[in-house]
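> Fold the following and give me the result.
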Amino acid sequence: MGEKRVMAAGVFDLLHLGHIHYLEEAKKLADELVVVVACDETVRKRKHEPLMKEDVRAEMVSFLKPVDEVFVGYQDDKYRTVEEIKPDIIALGYDQRHEENSIREELKKRGIGAEVTRMEHYNHDLDGTRKIIRKIIDWYSMKKELEKVEGT
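Residues are numbered from 1 along each chain as shown. Here you go, the predicted structure:
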């Protein structure tokens, strides 16, 4: 019997503890963790303009301890990457908008026997890219207000 492979996916625009927790928990499910980093075009379509280019995000993820291999996803068909990686398990992040049952149906249609599971939420005040950006904006705004007060 060969090694089990788990696949995790995401944008990974600003790495944070939520990402680390997600990947550590995914790695516990199998011997090998393969991570798919969303390509820039997919990020633009589904979320926002990426802060960092896909190759930079992929390289950063590749340096994380639980990660064995990293791919940049295709923009046209996310299941094409799944077909190439051939995971035994697909680990979804707690906040990813993917519907498990529709993923299972599509996998079945394509003859992919991967199990789909959702990781638990890691509760931390900076467990999301948007939360980090909001905190920076708030800090910068407060700093500017203090400078105004101190300057008068």
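> what's the span of stretch 114-123, first residue to last?
Length of stretch 114-123, first residue to last, CA to CA, to the nearest Å: 28 Å.
> contacting residues around stretch 46-55?
11, 13-14, 37-40, 43-44, 57, 60, 72, 129 (CB atoms under 8 Å, 6 or more residues apart in numbering). Every residue, glycine included, has its C-beta placed from N, CA and C.
> And the strands in this structure, which stretches?
5-10, 32-37, 69-72, 89-92, 115-118 (DSSP state E).
> now these as JSON lines including mean neighbour count, distance to residue 81 and mean pLDDT?
As requested, the strands of the chain are exported to JSON lines (neighbours: other CB atoms under 10 Å; distance: least, CB to CB, whole Å; pLDDT from 0 to 100):
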{"stretch": "strand 5-10", "mean neighbour count": "24", "distance to residue 81": "8", "mean pLDDT": "97"}
{"stretch": "strand 32-37", "mean neighbour count": "23", "distance to residue 81": "5", "mean pLDDT": "98"}
{"stretch": "strand 69-72", "mean neighbour count": "16", "distance to residue 81": "6", "mean pLDDT": "98"}
{"stretch": "strand 89-92", "mean neighbour count": "22", "distance to residue 81": "11", "mean pLDDT": "97"}
{"stretch": "strand 115-118", "mean neighbour count": "15", "distance to residue 81": "15", "mean pLDDT": "95"}
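> follow-up on the earlier one: give me the lowest-pLDDT entry from the contacts of stretch 46-55.
Ranked by pLDDT, these bottom out at residue 129 (74).
> Now do that one against residue 21, distance only.
Distance, residue 129 to residue 21, by CB to CB, to the nearest Å: 14 Å.
> And for residue 9?
15 Å.
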